[in-house]
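Participant: The amino acid sequence is not available; the structure is as follows:
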C-alpha cells in the first residue's frame, strides 16, 4: 500500500481527495497539510510515497514547496492538484520542477485514481 | 472537465510524453522571442536601448513598445512592424511537436479537432458589459465561466440577470473573494445566501446532506468553488493571450451593511436568479486606471 500526503488549504478539497484516495486499497492517506511549509514538515515526518499538492496556497505556495521538496527528496512522487492546471506556464513550471503529473480542478474520482496508479 | 491548454490535453491523451512537451516548449521559447529580444534581433534597437526601456518601466506601467515610443527610441510604425513579425513567425506548440518529429501533420490536425471539441463547452456566450468598461472580453469570460461552473460543478439551475455598475454589494451571509493581477487588477467576489452556500457545499464535498457540517467547512466550500472558477478563468485568459495571476480565496467580513466598492475601483455586478426567487451575485471590483 502506498502512503499519500494531501496538501490543500481547502478543508473541503482535502476531504474530497482523502475520500477518493482511501477508496482504493492500493493507497492510504497518512497526513494532511494546509500549505507548502506544512508539506515540507509533514514529508520529513511521514516520508510518504506520493504527495498530492495544490498550487495556490497561503504562507508557501505549491510550486515553491515543490522546488524545496525536490531538493530534499528528488525521488518523491509529487502530483499537483490545482485549478491552475490549464494555465500553460504553471503546468510547465510544475513539470520542470519535477512534478510527476498535474490534475486540473474540478477533478473526477476515476481520473485521480488512474493517475495515482500510473505513478 | 476543466479549461486546458493544448499541451496538457496532448499529455493527458497519451499523444505525447511530458518530456516531448517540455522539449517542444523549449523550442517555442527559443523561437517566439519577446518584444525586446525581437526588436534587437531585427536591428531596430540596441541592448543598451532595451535596458533604458526596462529602467523606465520600473517607474511607469507601460508595455515595452509603448515605453520605447515614449522615450523616442522607436516609432509607432516600428512597433507595428515588430508585432507583425512576431505574429507571422509565432510557433505554436503543435507545430513545435511536428518540427521535433513527435507528431505528424495529419495526427496534429486530428488532435486539434479533438481538443476543440473537448473545450467547446467553454466557448463564451455573449454577455453585455456596460459601455466604457476596459477589457470587456475578460469580464464577459469571467461571468460566462462562473455561470458554466455553477451548472457543472455546483449543479445549480439559474437565470443570469443583466450586468450593471454598482457602488455597493448588498449584505449576504457569505461573501468569498479572490484577487486578480497581471492583465487586469481586480477583485472577484461571489455573495451567496446560506441555502446557496449549502448547495455549493453538497457538490464540492460530494455529500447528500451538509446539515451536520461545521460553518467553517461550508464557507470553505464556497472559497473552493471560486478557486476552481478563478483558476479556470486564468487558464481561459491564457488561451486568449492574457496572463492573470490569482490570490488564494478569502471570506470577506460583512458587518451586515454590505460591502462598498472602493473609490478607485468600478463595481460590475452580475445578478444570478434561482427558480425559487432567491438571488445571489457575482461582482468584480475593477481597479481604475
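Facilitator: Good, I have the coordinates. Keep in mind it's a predicted model, so treat the numbers as computed, not measured. Numbering: from 1, shown residues only, chains lettered A, B, ... in the order given.

Participant: which non-adjacent residue is nearest the residue nearest in space to the middle of chain B?
Facilitator: Geometric centre of chain B, nearest residue: residue B:234, 2.8 Å, by C-alpha atoms, centre = their mean. Closest residue to residue B:234 apart from its sequence neighbours, by C-beta to C-beta, 6 or more residues apart in numbering or on different chains: residue B:244 at 4.7 Å. (Each C-beta comes from the backbone N, C-alpha and C, glycine too.)

Participant: Quick check: pLDDT value at that neighbour.
Facilitator: Looking at residue B:244, its pLDDT is 93.

Participant: OK, contacts around it?
Facilitator: Contact analysis of residue B:244 by C-beta atoms under 8 Å, 6 or more residues apart in numbering or on different chains lists B:138, B:180-184, B:233-234, B:237-238.

Participant: Would you list the buried entries among those residues?
Facilitator: In these, burial by neighbour count holds for B:138, B:180, B:183-184, B:233-234, B:237-238, counting by 16 or more other C-beta atoms under 10 Å in any protein chain shown.

Participant: how about TSV for these, with secondary structure and distance to residue B:165 added?
Facilitator: As requested, the buried ones among the contacts of residue B:244 are arranged in TSV below (DSSP: H, G, I helix; E, B strand; the rest coil; distance: C-beta to C-beta, whole Å):
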residue	secondary structure	distance to residue B:165
B:138	helix	16
B:180	strand	18
B:183	coil	21
B:184	coil	16
B:233	helix	20
B:234	helix	24
B:237	helix	22
B:238	helix	27
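
Participant: Specify which member of the residues you listed is nearest to residue A:46.
Facilitator: residue B:234 (31.6 Å; C-beta to C-beta).

Participant: My read is that the closest one contacts residue B:247, right?
Facilitator: No - using C-beta atoms under 8 Å, residue B:234 is not in contact with residue B:247; the gap is 11.2 Å.

Participant: Please enumerate the helices of the chain.
Facilitator: All of this refers to chain A. With DSSP state H as the criterion, chain A has helices at A:11-22, A:36-46, A:62-72, A:88-97, A:109-118.

Participant: not quite, I wanted chain B
Facilitator: Going by DSSP H, chain B shows helices at B:6-12, B:18-31, B:35-41, B:47-57, B:64-70, B:76-88, B:93-99, B:105-119, B:136-152, B:194-205, B:215-239.

Participant: What residues of the fourth one count as buried?
Facilitator: To tie it back to what came earlier, the one meant is helix B:47-57. Buried, per 16+ other C-beta under 10 Å, within helix B:47-57: B:49-50, B:52-53, B:56.
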